Structures are given as C-alpha cells and as structure tokens.
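Visitor: Sequence plus predicted model, see below.
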Amino acid sequence: MPSSNNHKSSPWRVVSLIVIAIAIVAAISFLPLEKWSNGNISDFNLLSDIVKSADSDVSTDINAVETDIDSQAAESQQELVSSQVSQSDSASVSECAAVKPNKENGLVIIEDYTTSGNGLEHLRNSIRSGKLSRIAVLGDSYIEGDILTQDLREQLQDVYGGAGVGYVNMHSEFPGFRRSLRQGGNGWKEYSVSGKANTSYLGISGHYHKPTGKAVSTYKGVTALGHLKSWNKSQFLFISPENTTVTTKVNGGEAVQHSVTGSPEVQAIIINGPTESFEVSTSGGSLIGLGVWLNDTTGVSVDCMSSRGYSGTRLSELDGNLVSGMSRYINYDLIILEFGVNVMSAKQTNYESFTKRMVKAVDRLRECYPNADILMMGIGDRGEKRGSEVHSMKAAVHMVDAQRKAAREARCLFWDTREAMGGDDAIVEWTRKGYTNKDYIHLSHKGGKALSTPLFNAIKHNLDK
C-alpha cells in the first residue's frame, strides 16, 4: 500500500511538470525561427494558444501553407531559399510590382502574351461552332469543393448554354462540402499527384482511384445552382488491364452490366439521355478509375480539378499516351491554371525557380492539348499577421510578378486575381465580409461567387472581341 508521503508529493510532482512544460514552451516561443531559416519558417508564439489576447481573432496559423505539398513544390521552396534575393522589410508592397495589371473601365482584363495575340481564340471558335466547349480549371485547395468554379460555370452556362458539373472524381472524403453535386459511394482508394502515384495514370486532374473490393460511385444533380439538376451525357473513363465488369444505373433504374475487355488503353462507358442521377460500380481490382464527366453535348462544360497541396509544376510530367487516350473522349478548348500559394513563404521574394517550372508545365500542356488556350491566374491576395493586425503578405506581389513572367515566357494568357480582389490589403476586407476563411487565404463559397464575377467578365470581354 503506498505511503501517505507519496500521496502528498504527487500533486507537487504534477505542478513541477507543468511549470517545466510552460518554461519550455516559453523558450521556444522566443526563438527567432524566421531569421534562422531565412524566412522559410515563420516565427510563432505557442503561448498565444494558451493565453489569447482580447483583440485577437486572427488565426495563429495564418502564415502556414499546406504541409502535404507535392515534391516539386518542396524542391522549389528549397531552391528559392538558397537563391533568395534580400530586400528591405520596410519596402512597400506596391513598390515591388514590376508590371501593373491591365484594366478597362475598372475591369481587370486578361493579359495576352500569346504568339498570335488572339486571346481565347480556341474557346471562341468552339463556342461559335455550336459544339460542346470544354474548360478545365486546374488548381489547389483554393478551388477545392468546386469553390469559384461552380459560380463561373453557372455564369458561362447562363450565357452560352450547357448543363452538368463536368468532371467528378470517383470518391470524396467530404462530399457534403461540394454544393454543385450530391456525391456518394465507397470502396475506392485514391492516388494523387501530391502523394505516391503512377504517373502513367495521372492526367491533368491529378487523381485516379482503384477499387479495394466492390467499389461504388453515385452522382445526383442539385438545384442549388443553375443548370445542375440534369444533364444528357455521362462518361466514365478508365483503364482496365484485365477483363472485368462495370455496372451502371441511370435515374435509379435497372442496373446495366458492361463487359470490359482488358486493355492498357483508355476506355469509356458512355450513357446518353436525360439524366438526374448516375451510378457506376465495379469489383475489378486492377481497374483504374480516371473519373466521371457529366455534361450536355452543347454549350459550355467547366471541370473543377483541384489537388490539395499541389504546385502545378508536375504538369510538365504529363504522360502523352494517357492524355492522347483520354482526349479521344474528353478534350479541352481552355485550360485555366490556379496555383502558387503552396510555394510561398512569408519573407520569400525570389520565385524564379517556380517561374521556370511553370513555363515547362505550360509548354507540356500545349504539347498535350494543342487546341486549347491556356490562362494562368495569379494568386489571390493572402494575409499575414503583423503584430495584432493583418495585411497583405509582402511576398504576394512577388509571386504575382513571377506568375506574370511565366505567362509571358510561356506565351500564354494571364489574369491578375489579386488585383481583381482589390489589390493591397484586399484580403482584410474579404475576410471581414466572410469571403475568405480565417486563415486569410482560402475562399469561402460566398467568396468564390464574388470572385467568379470579375473572372467571368474578363473571359466574356475577351470572347466578345
């Protein structure tokens, strides 16, 4: 039986441990991590999570980017740290801007660095032809959940026709976050560009899925946004090295079995006709699900292809055979690139390495999709905490300049997202309005709608030329 002395000393041991822990936390909080790491790691105060100041409603993770970033983004960060060009911290953000954005009557217009100077000529010609015009928006978590793209799609389809959400992956861990479609299912294992994946199966979506047994994917239209309740063409693209069976259901009707002959080539199951719900299932373990496309046969289709933590630079590694096989069923007239935030750090001003990698990515996209216009979006405004206040991250303008330079060198189009938001310190007002989350980076659904309007107007302005 323990002695009474041990009972009396136990509380003191606990108190001693707490005191020691607080002392360690305090010591770490005063380390100049940002200075030691040349800006690659931000200073932080762990005590602020224990004792919060009365006026602080700012996330303590405001300067953090996604930790699960793709390998080339990590390499770019390291290269940028080693080649950092130092600048005075007191320099104003506006003094760093190399090029002012193009504006007409208050509209931030698309900057045209193409060789032809004809802007969105491929998309324009496609729309005028009356066929289905496809737009792919490739990005990171900034557009995750169809944020921004769902409203851009609605506005484009209001004017040019079309219906359906376009591309959807085989499975989502958070299906309720997306408002443009009711998605369900199970039994799929995801492989993405930000993790370990076979590049032979990674198209521009950055994802593919494999069954872990019986795998099911369900998709149902919604009325929350326009033109999404129904569509008239459903396509399931896949690669099946072995013979297998795929089952589909339309509008909750009778199941239809499709016998699939094994092949290394891209195959598709295509269902035509008015559709409000679509289901695909399989137990073929070797099958690679590349995605489902739900759209009309005319008008405009807008595909949201987001990959959390993605820098976009690995688009330079696109497999030509895969793209060629997929293009027989799904091709594009415009590809929009929304990347950059995952390469940024608070004190970084030199993004030359990222510029070079994005030029290679655009060059590869042009090789794979020669009939597509390519539009690079600059990053949206992003905040950083300075004392008890939030302002635009000083590095933001340098990233925008790097992206504009990449567009110029790659001879593609560029749109200044940050300027469309309002420029310097726009992020403060956008967060106050609930347009961005408390991380002062990511758009809310409300913010996606607000940003979609100037982007749509810029696209329409170019198409109307």
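Guide: Everything's here; your move.

Visitor: Please make it C-alpha for all contacts and neighbour counts, starting now.
Guide: Will do.

Visitor: For residue 332, see how far away the nearest residue to residue 120 once chain neighbours are set aside is.
Guide: Counting by Cα to Cα, 6 or more residues apart in numbering, the nearest residue to residue 120 once its immediate chain neighbours are dropped is residue 373, at 5.9 Å. Distance, residue 373 to residue 332, using Cα to Cα, to the nearest Å: 8 Å.

Visitor: likewise residue 107?
Guide: As judged by Cα to Cα, residue 107 and residue 332 stand 26 Å apart.

Visitor: Looking at those two now, which is surrounded by more residues?
Guide: Taking neighbours as other Cα atoms under 10 Å, residue 107 and residue 332 compare with residue 332 leading, 23 against 15.

Visitor: ok, now which ones touch that one?
Guide: 133, 134, 135, 136, 369, 371, 372 (Cα atoms under 8 Å, 6 or more residues apart in numbering).

Visitor: and the fourth one, what are its bridge partners?
Guide: Translated: residue 136. Residue 136 has these beta-bridge partners by DSSP bridges: residue 303, residue 335.

Visitor: per-residue confidence at it?
Guide: If you check residue 136, the pLDDT there is 98.

Visitor: Pull the contacting residues for it.
Guide: Counted by Cα under 8 Å, 6+ apart, residue 136 has contacts 302, 303, 304, 305, 332, 334, 335, 336.

Visitor: Check which helices and strands the strand or helix carrying the fourth one sits against.
Guide: Mapping residue 305 onto the secondary structure by DSSP states H and E places it in strand 300-306. Helices and strands in packing contact with strand 300-306 are listed as strand 133-139, helix 149-160, strand 166-168; criterion 3 or more Cα pairs under 8 Å, 6 or more residues apart in numbering; DSSP states H and E.

Visitor: Reformat the ones you listed as TSV; add distance to residue 342.
Guide: Shown next, in TSV, are the helices and strands packed on strand 300-306 (distance: least, Cα to Cα, whole Å):
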stretch	distance to residue 342
strand 133-139	11
helix 149-160	20
strand 166-168	23
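
Visitor: mind checking which of those is nearest residue 13?
Guide: Across those, residue 13 has its closest neighbour in strand 133-139 (51.9 Å, Cα to Cα).

Visitor: Next, the angle from that closest one to strand 300-306.
Guide: Orientation of strand 133-139 against strand 300-306 (axes from the mean of the first three to the mean of the last three Cα atoms, to 10 degrees) gives an angle of 20 degrees.

Visitor: Between helix 149-160 and strand 133-139, find me the angle.
Guide: 160 degrees.

Visitor: ok now stretch 232-244, how far from the chain's centre?
Guide: 25 Å (Cα atoms, centre = their mean, to the nearest Å).

Visitor: quick one: buried residues of it?
Guide: Buried residues in stretch 232-244, counted by 16 or more other Cα atoms under 10 Å: 232, 233, 234, 235, 236, 237, 238, 239, 240, 241, 244.

Visitor: Which ones among the residues you listed map onto strands?
Guide: Judged by DSSP state E, strands contain the following of the buried residues of stretch 232-244: 232, 233, 234, 235, 236, 237, 238, 239, 240, 244.

Visitor: how about the helices and strands packed on strand 300-306, which one is nearest residue 424?
Guide: Closest of the helices and strands packed on strand 300-306 to residue 424 is strand 133-139, at 22.9 Å (criterion: Cα to Cα).

Visitor: which ones are touching residue 243?
Guide: By Cα under 8 Å, 6+ apart, the residues touching residue 243 are 259, 260, 261, 262.

Visitor: now with 10 Å?
Guide: The contact partners of residue 243, by Cα atoms under 10 Å, 6 or more residues apart in numbering, come to 259, 260, 261, 262, 263, 284, 286, 287.

Visitor: Tell me which of the helices and strands packed on strand 300-306 sits nearest to residue 415.
Guide: strand 133-139 (13.4 Å).

Visitor: Show me how far that closest one is from its chain's centre.
Guide: On Cα atoms, centre = their mean, the centre of strand 133-139 falls 12 Å from the chain's centre.

Visitor: lowest average confidence, helix or strand, in the protein?
Guide: Every helix and strand of the chain was ranked by mean pLDDT, DSSP states H and E. The lowest is helix 93-96, at a mean of 37.

Visitor: following that one, which helix or strand comes up?
Guide: Using DSSP H and E, the helix or strand that follows helix 93-96 towards the C-terminus is strand 103-104.

Visitor: partners of that following strand, with directions?
Guide: Sheet pairing here is set by DSSP bridges, and for strand 103-104 it gives strand 107-108 (antiparallel).

Visitor: So for whatever helix or strand comes next after the partner strand, mean pLDDT?
Guide: Counting by DSSP H and E, the next helix or strand C-terminal to strand 107-108 is strand 111-112. Per-residue pLDDT over strand 111-112 has a mean of 97.
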